[in-house]
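**Student:** Predicted structure and sequence below. I'll ask about it afterward.
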Amino acid sequence: MTAETLYSIRNLTVEYDTRIGGVRAVDDLTLDIYKGEILGLVGESGCGKSTLGKGMMRTITTPGHIVGGELWFEGVDLMTLSELEMSNIRGNRIGMVFQDPMTSLNPLMRISEHLIEAIRTHYPRMSEDAARARAVDMVKDLGIREERIDDYPHQFSGGMRQRIMIALVLALNAALIIADEPTTALDVIVEAQFLDLLRSLREEFELTILLITHNIGVVAELADRVAVMYAGKAAEVGPVESVFLDTKHPYSRGLLKSVPNIDVDDQELFKMTGAPPNLIAPPSGCRFHPRCPRAVDLCTDDEPPLIDVTGDGHLASCWIYSDLPNRPTDGVG
Amino acid sequence: MHDPMLDEVPPEEQWQVDLGEVGLFRRILNGRRWYGVDWWMVVISSFMVAFFILIAFFPTILASYDPLDQVGPRFLPPGETPDQEVIVQRTDSDLESLADLAVRDERVRTGVVQGAPSSEDIRSQADRVNAELEAGGSDDEVRLRIVRFDTLDEMLTGVTTGDVEFGVGSNAEITAVLDDYPELFIRGPITGEKGGKSFPLGTNQIGQDVLSRLAWGSRIALIIGFTASLFSLFIGVPLGLLAGYTGGKFDRVFTLIMDSLYAFPGLILAIAIAAVLGPSIINVIVAIAVLYIPTYYRIVRGQTLSTKEGLHVEAAVSIGATKSSIMRRYIFPLVIPSVAIIFSVNIADAILTGAALSFLGLGLPPTTADWGIDLARGQEFIQRAWWLITFPGIAVMLIVLAFTMLGEGLMEIFNPKLRKQ
Amino acid sequence: MTATDPLVEFDHVGKFFPVPTGLISGLRSKKEKPAVRAVDDVSFTLERGEVLGLAGESGSGKSTVGRLALRLLDPTAGTVRFDGIDLATLKPEEMRRTRSRMQVVFQDPLASLNPRMTIGQAVEHPAQIHLTDLSPKQRREEVYDIFSAVGLDPPKYYYDKFPHQISGGQRQRVVIARGLITRPDLIVADEPIAMADVSVQALLLDLMMQLKDEFDLTYLFITHDLATTKYLCDRIAIMYLGKIVEIGTLREVFTNPQHPYTRALLAAVPVPDPRHRRTEPLPQGEIPNPIHPPTGCHFHPRCSIAQEGVCDVERPTLLPVRGIEDHEVSCHLRTGAYQELDPV
């Protein structure tokens, strides 16, 4: 399967104006999303992952703004589009699923009305009856009982509403789905059901999904590739097995080892020292160097680029994997 | 057991620390960027409020005269210099001032026009000069013989012919016809002062200076506004706190009372109370205070009810804190900001109600220099002397606007839920 | 109140919240006012020095159990005992004093700290109330000691900070410190790490373990995350819709889960290993409406082994698993009278 790029983020920088100065929530980030994949975007609070999601849709509002970069999607740099053109893409070609679906669903509209409107946006010449029939099909595909299609959003549980959101996104035939913490508000079993659903839908509809979450377990279960963000930059990107089992970046190592694994007995959790940096005045060189057990002078002086470590699409922004003579050593353990 | 995690100060803390170091003044200036319109509202209205408070404390900054004194002609329009009584004499006369006449033994013939106040004015001026001379130890005296002419023309002719030493009459009238009498010139005002009195906003129907009344009126307005609001606050807030926190019968009874009071059209209630209590500034304050107690009560009670459900209150219960301690340390400090904001808007409303009450003739003694009273009196003369009602009206409007804007602006800034992030 | 008394004992405890109905329908049927049975006939003990995990999803009643244990809520039925004493019999003043022995750590540290108090004042407040024989200076020293114990060093620096001036992880440490200053016997921790960052959660878990040894604590650890319970707990109870469906030692419940719901929960927990494949099928549907729970066994509509005529009719009770010590399950087909019907 050749990896065809669906969405290409190039050197994206997003800044927020705060009382003290500018905060670069996303700093010169370059990342590709391939067609048909589920890319997991993980990180802790303040790493910039939600900002990245919003930036990709150009829905960043004051006090934030996109300072620079290109967003290539279906042959067009979205940064060059007008607001009107952009709004045509949002919800049509790129769908978003949020943590709380109530914010996206009109409480005064029935689910059927939501779906029919979405379907007819994509197929303007479809009759209302045909659209309704299609809506019923979709809803059944998603495990919602047919007779509930005329209910209002508040009559559904959280898990159901998320399914409705997926239905809407599918109805619009979006090429890319950006899901920002879609399961964080859901109970464990419902979350698992939802992940199963996403997996099967991805097969059936050839979806491309950007899954933004802080839940490492969810990413491990669902994603094909994963990108770990730290302080507004990408620390590590690669195929999920490679990243989890052969973690390269010291931060990702610490992060992945600090998550309790229910399958492991007598687990030793990794305790990461320090705290995420102040983004108004980030550390010089590599952002992680103050907390990194392997840091050397080089790390304080220069910021490492994303380096291809394995030759197989597993990248890490760490000097260890460069071929510089003064690079730090990797005391793998 | 040192936790290495805490070697570095975490980010939120760092910029908060930095924020703490940003001086207050810079924060106020930077506020313009952060808060936009609201910032301007608060700043402008703060200046206005400060201005009014300054005037209320030191009315003499604007008020040149005692507000109750009749210091000028009646119905003088704003900006006009009032007409004065002047001395008109022959160009060849060497008379410089009234005092010069003191050396003459005879009574000096002085021309006036029949019916004008000139004779009294010149006589009182002469008395004043004589008093000064006597105080200076002189024996000399100014003695006048008033000669009345039927018309201004005749009087001026009389001065020209020498029938009278000099004439006294209205500056405006004499100036108008002076060209016809080339031998005459106007010496100046009777009193010898250069320049005259000025009444920038005109005078009212009694001759009082409107500006001075406005300035002194601000004091009454603010006293009523502040005192009434403070009364309401000190009664409404504790009741609201208690009712919100303890609930039960106390809450039900008081809420019933407060809601009934609140349901009353405010002004009517104030009128009723003021009418019953009688005219005096204290009674006006009481009437208005009663009006606003329910507002504080309801807001504080509501805030208390919602704060009470907060997790930190539950935590306080779990550590074994007493009810009073919880109210004092966990609920009251969170309720205060909203109270402070209502206070400002409350003052605006109180001033308005106070003005309305005095407009209706209730409350204040009729001789007080008060905007409401001026508004009431000025009504009748709205065609003749528009300035009598306009300026007090503008003053009321501005002060109410200032306090309201201040309160609303502060509310927008301090209430994060309403503020767009 | 002997040394062998369990520290906490729930004896057929129930907590019902009446559902507000309209005036008319409220007048109509006085008999069965709809109520949410947040906690329904729950019994368990918590021994000194142990960590009991209380796991479940939303609506399971676990948070309510926590609050009942601290008497932040009063039970509608049954008895809650602390160190042998029925909490409901304590007079308000006695209860206040007993509170120094049982403290809570809530999920949201920002919400559970008074925004207008410095964190030093917040942690000192319980000492002011209960450690009355200390001078103010000694009290302060206590606060500094506790701050150091939870890793807020240097303590003097942190004393004057306000909650919003410190990070989330530090705030949770403050809450823990506040809970420890009176040297309680029991700590009820309700999702204590859920709001912290992933890497901070590990630190907090570690801290809680250390403090348990250092301060001789007993924990009631309430969570929805089973992976965390594995790290911390000695025993675990699984709750569903207000009832305990399975309870036992950690080892037993995790390696030999009996109740279908427990099995489903364990299967559903996301595992941070991409090679992991779920072996157990997930139950269908979602948690039912707690106002109208299913008849008989609450889990039966979603249960893969439910037997018609039994599971939808009769309520099961907690009974021991045959031959195993300290493992009880509430299921007709596992430990109840109908084990021969078990298709397994």
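**Tutor:** Perfect, thanks for sending it.

**Student:** Quick check, central residue of chain A?
**Tutor:** Centroid-nearest residue in chain A, with Cα atoms, centre = their mean: A:Ile212, separated by 2.9 Å.

**Student:** One more: chain C?
**Tutor:** C:Ile222 (3.1 Å).

**Student:** and it, that one's in a helix?
**Tutor:** No - assessed with DSSP: H, G, I helix; E, B strand; the rest coil, C:Ile222 is strand; it does not lie in a helix.

**Student:** ok, it - contacts?
**Tutor:** Taking Cβ atoms under 8 Å, 6 or more residues apart in numbering or on different chains, we find C:Ile222 in contact with C:Gly53, C:Leu54, C:Ala55, C:Lys62, C:Ser63, C:Val65, C:Gly66, C:Val188, C:Ala189, C:Asp190, C:Glu191. C-beta here means a position set from N, CA and C on the backbone, and glycine is covered the same way.

**Student:** switch to 10 Å and redo it
**Tutor:** Counting by Cβ atoms under 10 Å, 6 or more residues apart in numbering or on different chains, C:Ile222 makes contact with C:52-56, C:60, C:62-67, C:69, C:105-107, C:188-192, C:229, C:237, C:239.

**Student:** Any of these buried? List them.
**Tutor:** Neighbour-count burial within the contacts of C:Ile222 applies to C:52-56, C:60, C:62-67, C:69, C:105-107, C:188-192, C:229, C:237, C:239; the criterion is 16 or more other Cβ atoms under 10 Å in any protein chain shown.

**Student:** and those residues, which of them are in helices?
**Tutor:** Mapping these onto helices (DSSP state H) picks out C:Lys62, C:Ser63, C:Thr64, C:Val65, C:Gly66, C:Arg67, C:Ala69, C:Thr229.

**Student:** Also within reach of chain A: list those from those residues.
**Tutor:** Filtering these for proximity to chain A by Cβ under 10 Å from any Cβ of the partner chain leaves C:Thr229.

**Student:** isn't the residue nearest to the centre of chain A right next to A:Gly40, touching?
**Tutor:** Yes - the pair A:Ile212 / A:Gly40 is scored as a contact, 8.1 Å apart, by Cβ atoms under 10 Å.

**Student:** intersection of neighbour lists for these two?
**Tutor:** A:Lys49, A:Ala179, A:Val219, A:Ala227.

**Student:** Between all of those residues, which two are separated the most?
**Tutor:** Greatest spacing in the shared contacts of A:Ile212 and A:Gly40, by Cβ to Cβ: A:Ala179 and A:Ala227 (14.2 Å).

**Student:** ranges for the strands of the stretch 201-333 of chain A?
**Tutor:** Under the criterion DSSP state E, counting those that start in this stretch, the stretch 201-333 of chain A carries strands at the ranges A:208-213, A:225-230, A:233-239, A:307-308, A:315-316.

**Student:** need the contact list for C:Leu250.
**Tutor:** Contacts of C:Leu250 by Cβ under 10 Å, 6+ apart are C:Val51, C:Leu52, C:Gly53, C:Thr229, C:Lys230, C:Tyr231, C:Leu232, C:Cys233, C:Asp234, C:Arg235, C:Ile236.

**Student:** Write the PyMOL selection for whichever of the residues you listed are buried.
**Tutor:** Those of the contacts of C:Leu250 that count as buried under 16+ other Cβ under 10 Å are selected in PyMOL with:
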select buried, chain C and resi 51+52+53+229+230+231+232+233+234+235+236
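
**Student:** which of the contacts of C:Leu250 lies closest to C:Phe44?
**Tutor:** For the contacts of C:Leu250, the minimum distance to C:Phe44 (Cβ to Cβ) is 7.5 Å, reached by C:Leu52.

**Student:** pLDDT at that closest one, what is it?
**Tutor:** At C:Leu52, the pLDDT value in this model is 96.

**Student:** Fine, thanks again, bye for now.
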